[in-house]
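**Q** Fold the following.
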Amino acid sequence: MERKPAPLFAPEFGPLKGVRVLLTGSIVAGPFIATMLGDLGAEVIHIEPPGSGDTYRTLGPFLVKDGKKVSLPFSNDARNRLSMTLDLRINKNPESREIFLGLIKQSDIWVENMVWLEERYGITDDLVMKVNPRIVIVHVSGYGHPNFGGDPKICKRASYDLIGQAYSGWPNVTGFRDGPPTRLSLWACDYVTALFGTIGALAGYLHAQKTGEGQVIDVAQYEAVARMLESYYTAYLNAKIEREREGNKATGFQPYGIFKASNGWVAIGAFGPAVYKRFLEAMKEAVGLDPNEYPWEECAATSQAVSSPKGRKLDSILTEYVEKHTVEEIEELFNKYSVPCSRVMTPKDAANNAHWLSRQLFVEAFDYNAMETLKFFGVVPKFNKTPGKVWRGSPKLGQDTDEILKKLLGYTDEEIKRLREKKIV
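**A** Numbers count the residues shown, from 1 in each chain. Reported below is the predicted structural model:
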């Protein structure tokens, strides 16, 4: 069967118009790669297990309507996708094998984060590449695939967002110095992993377009996060320096932290002599502080300066000032002097913020699980020539199965009926 150009089901838009992505997996790290590609115009087909679907569909918080719970995390991340149900055990079902490999032939990128892919399902890279030598395979796992290196026993371990965080070392530098290592919330590890996976998918696709040669990309959760930890490992490897938790304020210079205001929280930062000078001018206006009393090198440039008597006094003056004023007053003062400063945004703040709204960060689309129009976070980044968009909310489980089988793979109604009777789809 010849490849049918994309998009066949989705509208044409964005810089990735014409790219077809096949997704097999659940929760966040793998699927969010497809989400980002779909936001930019790729046609995304998500294969879900018949009956149960993606586990992410069961995760709250929920929109409750007529006694039915709709997963808002799933709705937000599963937008711009087609949902197809298929029993992926191609090692047990010839029909599953035919359908899956047919989809592989029709796809440019295959993203998967399924545990024990070969052992449980009989799917191998060699098989996929033999069927479609141009395809880009993106594997997402906790510890990586052993053909790229590593201990095979560790590579087979199961993982979650939290486990990836722990193995990367991220919690060691998160939280307060006198407290325990701290978990980052909202699946931060999974989303960081997806960002690296998206970069890999696009780089692999570009190579395939130039050479006609597909390839396999291996994205390990812990490696993606560890790469984001600035010099955490480099400092140890080269100077035996072990970075420590700092809490809400940096310890190597000041000001750089989150402070409690009278009606909320605010972040203030001034790194380097030039910005620090402007910070002192702002404090002069605010509390009559004499800038000459608090020179950069003596009070703010190093950890020793920050912890010196003058450094601690400067911090207490700033802390006291912020506590007595509103977030709005503090933002106005420091931004007047071009000192980076922002309130710590809440959802309520953002939903009523003119800047956020004018940049179209909240968009609407019809969601087939909620059966109503929902508001979603918009597309990031923005393109002036080929903008992305959200053209549909999350699909119902298997909503697009029949259409994909008919239009993309050439199955008849009778054949689809038999597949459904055998619980293949």
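
**Q** Can you name every helix or strand that the host helix or strand of Arg420 contacts?
**A** Secondary structure assignment for Arg420, by DSSP states H and E: helix 413-421. Helix 413-421 is packed against helix 401-403, with contacts defined by 3 or more C-beta pairs under 8 Å, 6 or more residues apart in numbering; DSSP states H and E. Every residue, glycine included, has its C-beta placed from N, CA and C.

**Q** The helix it packs on - contacts with which helices or strands?
**A** Packed against helix 401-403 by the contact rule (3+ C-beta pairs under 8 Å, 6+ apart) you find strand 81-85, helix 413-421.

**Q** Need these in a markdown table (columns: mean neighbour count and distance to Leu397).
**A** Shown next, in a markdown table, are these (neighbours: other C-beta atoms under 10 Å; distance: least, C-beta to C-beta, whole Å):
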| stretch | mean neighbour count | distance to Leu397 |
| --- | --- | --- |
| strand 81-85 | 24 | 6 |
| helix 413-421 | 13 | 13 |
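
**Q** mean confidence for the helix holding Arg420?
**A** Averaged across helix 413-421, the pLDDT comes to 98.

**Q** quick one on the thing from earlier: export the helices and strands packed on helix 401-403 as CSV, with columns for distance to Asp218.
**A** Formatted as CSV, those follow (distance: least, C-beta to C-beta, whole Å):
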stretch, distance to Asp218
strand 81-85, 24
helix 413-421, 33
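
**Q** wait, which of these is closest to Lys240?
**A** In terms of C-beta to C-beta, the element of those nearest to Lys240 is strand 81-85, at 47.4 Å.

**Q** Off-centre distance for that closest one?
**A** 21 Å (C-alpha atoms, centre = their mean, to the nearest Å).

**Q** Also stretch 377-392?
**A** 16 Å.

**Q** Likewise for stretch 194-213?
**A** 18 Å.

**Q** just to revisit the earlier point, tell me which of the helices and strands packed on helix 401-403 sits nearest to Ala351.
**A** Comparing these by C-beta to C-beta, strand 81-85 comes nearest, at 25.2 Å.

**Q** Do me a favour and average the pLDDT over the helix or strand just after the closest one.
**A** Sequence-wise, the next helix or strand downstream of strand 81-85 (DSSP H and E) is helix 94-105. For helix 94-105, the mean pLDDT works out to 99.

**Q** Taking strand 81-85 as reference, get the angle to helix 94-105.
**A** Inter-element angle recorded for helix 94-105 and strand 81-85: 160 degrees (by axes from the mean of the first three to the mean of the last three C-alpha atoms, to 10 degrees).

**Q** If anything else comes up later, I'll come back, but that's it for now.
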